[in-house]
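J.: Below are the sequence and a predicted model; questions follow.
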Amino acid sequence: MGRHSLPDQYGAGGSDPRPRLRRRTVALASALVLTVAGGTAAAVRSGLLSFGSSCRDHPVRLTVAASPDVAPALTVAAKQAEDSGLTSDGQCLEIDVTARESSKVAETLAAGRDPDAQVWVADSDLWVQRITADRKATRVTPVGNVASTPVAVAMVPAAAKSLGWPRKTYSWLELAGATLQDGSLRLGAADPARSATGLLALTQIGAAAAGVKDGDTQAAALMKTLSQRTSDTDAQVLDTLPRDASGAEQGSPRRNRAVVVTEQASFTHNASADAGTGLDLFYPKDGSPRLDYPYTLVDKTRLSTDESRAAIRFMTFLRRPEQQKLLQKHGFRTSDYDAPQTLVTAAGGSGPQPFAEPAARTASDTAVEETLGTWTITVQSARLTTVVDASSSMSEPVPGTGRSRMDVTKSSLLQALATFTPQDEIGLWEFSTKLDGDKDYRVLVPTERLGDTATRGDTQRDRLSAAFGDLSPVPNGATGLYDTTLAAYRQATASYVKGKFNALVILTDGVNQDPGSISRTALLTELRKLASPERPVPLIMIAVGPDADREEAAQIAGATGGSGQSVTDPSQIHTVILKAIVAAGTQGNED
């Protein structure tokens with residue numbers, strides 16, 4: 001700064017005929033020095049400037065749990081951050097990136113445990129939404145997104161050619177249907193219960209099926225077929241492909257020739273594939289959903305100020321142009337509006353496939369939950385007994401619908417029934433007080449396979465549909481909840497079928513009103529005696545309307561390893577049943 005001296009007449013060695021002006025100039029100069037000094041200090045504190053290696057004396061250590069596909073790129077970025085002397089509040093960063101399956105981290109968080117990481121980069125916001133919706137889960141705070149990649153269908157060249165690639169385009173339902181019609185194509189995917197890639201694709205197929213006649217049946221058939229060729233993780237899906245060019249050309253009954261993968265996964269596979277084992281990529285014309293890699297802080301309230309600020313600092317570092325290029329080099333997109341031709345080509349895409357089209361509209365939480373619920377009961381046939389409250393309060397109107405609670409409940413149950421396959425076993429009870437002598441309950445349809453045909457030619461599904469339609473509130477009927485719950489659970493555990501998802505579903509819009517029934521304490525004791533980890537039958541109790549007690553429902557269901565749910569609108573019953581089945585099924589898999 002010596003060269004930027006004041007003019008001679010105001011310099012220290014010059015005469016100054018205006019001392020007051022000189023004093024003012026000195027004051028301004030002093031203020032400027034202080035301002036610069038303050039700005040420099042602020043820059044050091046914010047990590048914009050770094051002097052020497054003193055920041056390494058007390059570095060801020062961050063552990064980032066990242067989805068395995070993006071972990072390699074983030075590992076390189078972390079190394080570059082450290083090598084470049086990136087600082088936060090004057091402290092260097094030491095960043096350890098560990099590859100962790102998003103489903104596994106989500107399970108840990110859902111259990112309320114610490115995943116041993118301050119930052120979580122899942123592959124999809126689906127996981128984050130699930131955790132934030134769970135009040136018992138460890139909190140996560142989204143602060144941005146790292147990258148994105150569309151979900152598509154990759155095929156070995158011979159299989160792609162047989163479907164007219166790249167000139168011919170397909171919707172998700174058409175593409176999935178083609179693999180059903182041609183048994184040699186053999187479509188594989190990661191388990192939608194563990195993979196956002198598989199779940200997003202399946203949700204797209206379900207959305208497309210909803211607008212087609214008999215689409216639900218076609219989607220269920222696809223799920224059943226797909227369930228025979230699913231893998232636990234996205235990486236394992238690629239391992240199901242042929243190992244060499246001859247296998248890709250001729251096919252092997254044990255290996256898939258088409259797989260649901262991301263563009264980035266296909267890019268990585270093709271980069272290391274031998275000649276003839278690369279993949280061609282179909283981008284469905286009704287839109288490719290995308291993994292969006294949310295960057296989240298884990299349990300922000302437990303992070304120190306240094307850790308929180310360092311985590312944000314690393315996030316902003318990832319947005320630098322050179323880091324964006326790094327992510328693109330690893331096969332990721334860094335813009336929702338740009339599909340780099342070199343990336344698409346390397347991943348196996350070619351025109352006129354709609355790879356440059358905007359991402360498919362994000363599926364609603366309801367659509368995702370319904371898809372996952374349908375998948376769960378399709379893959380593992382279910383055995384469910386449904387017990388419906390028929391007390392007089394079910395005649396109460398549902399605000400804004402012009403229909404009673406019972407009418408809306410029946411419609412929702414019929415909607416749920418449509419998602420089950422002929423192999424599933426469903427039964428129906430109703431309850432109030434003293435419906436059958438001194439019994440508060442009555443068996444309307446015994447629990448049997450939906451595809452079974454009676455002597456008169458109607459199926460179990462037909463009988464259930466008719467019984468649902470005939471449900472009506474009992475005039476002056478009260479709610480005999482406790483005795484009914486115990487009787488139904490005894491029957492459900494006694495008739496347990498191995499190899500199926502066994503559960504009891506009870507819907508009630510009130511609390512127990514039978515003064516002569518078993519007490520709640522005695523009920524809980526008996527339920528715990530009947531519950532068995534070797535023969536699990538979770539109770540799913542749904543509290544319907546404002547008069548029901550969700551806390552009691554949760555307590556009673558919890559005694560069996562099940563869950564209590566609540567809905568203010570009976571039309572939500574269908575979604576809640578599927579959501580509860582998913583939760584119970586996941587718990588069963590963990591056990």
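T.: Ah, there it is.
J.: Check the secondary structure at Ala467 for me.
T.: helix (DSSP: H, G, I helix; E, B strand; the rest coil).
J.: Any idea how many residues pack against it?
T.: 18 (other C-beta atoms under 10 Å). Where you see a C-beta, it was placed from the backbone N, CA and C, and this is true even at glycine.
J.: Let's see the pLDDT reported for it.
T.: With respect to pLDDT, Ala467 scores 96.
J.: surely it meets Val445?
T.: Yes. Using C-beta atoms under 8 Å, Ala467 is in contact with Val445, at 5.0 Å.
J.: so who does the residue sitting nearest the centre point of the chain touch?
T.: With distances taken as C-alpha atoms, centre = their mean, Leu126 lies nearest the centre of the chain, 3.3 Å away. By C-beta atoms under 8 Å, 6 or more residues apart in numbering, Leu126 lies in contact with 196, 199-200, 368.
J.: In terms of helices and strands, where is it?
T.: Leu126 belongs to helix 125-132 when assigned by DSSP states H and E.
J.: and if you look at Pro546?
T.: Here Pro546 is assigned to no helix or strand, by DSSP H and E.
J.: distance of the closest residue to it other than its chain neighbours from Leu126?
T.: In this structure, Pro546 finds its nearest non-sequential neighbour in Thr568, 6.8 Å apart by C-beta to C-beta, 6 or more residues apart in numbering. Distance, Thr568 to Leu126, by C-beta to C-beta, to the nearest Å: 25 Å.
J.: Correct me if wrong: Ala81 contacts Thr316.
T.: No. Assessed by C-beta under 8 Å, Ala81 is found out of contact with Thr316, at 10.6 Å.
J.: ok, these two, which is more surrounded?
T.: Legend: neighbour count by other C-beta under 10 Å for Ala81 and Thr316, higher for Ala81 (22 against 14).
J.: Excluding chain neighbours, what is closest to the more buried one?
T.: Phe317 (5.4 Å).
J.: On the three-state scheme, that neighbour is what?
T.: Once three-state DSSP is applied, Phe317 turns out helix.
J.: Check the burial of the residue nearest to Ser162 when sequence neighbours are not counted by counting its neighbours.
T.: Spatial nearest neighbour of Ser162, excluding adjacent residues (C-beta to C-beta, 6+ apart): Asp182 at 7.2 Å. Other residues lying near Asp182 total 15 when counted by other C-beta under 10 Å.
J.: mind checking how far Asp182 is from Ala494?
T.: For Asp182 relative to Ala494 (C-beta to C-beta), the value is 45 Å.
J.: Check Ile205 too.
T.: From Ile205 over to Ala494 (counting by C-beta to C-beta), the distance is 38 Å.
J.: These two: which has the busier surroundings?
T.: Counting neighbours by other C-beta under 10 Å for Ile205 and for Ala494 shows that Ile205 has the greater number, 27 against 10.
J.: Can you give me the buried ones in the helix or strand where the more buried one lies?
T.: Secondary structure assigned from DSSP H and E places Ile205 in helix 196-209. Residues of helix 196-209 classed as buried: 196-209 (neighbour count, 16 or more other C-beta atoms under 10 Å).
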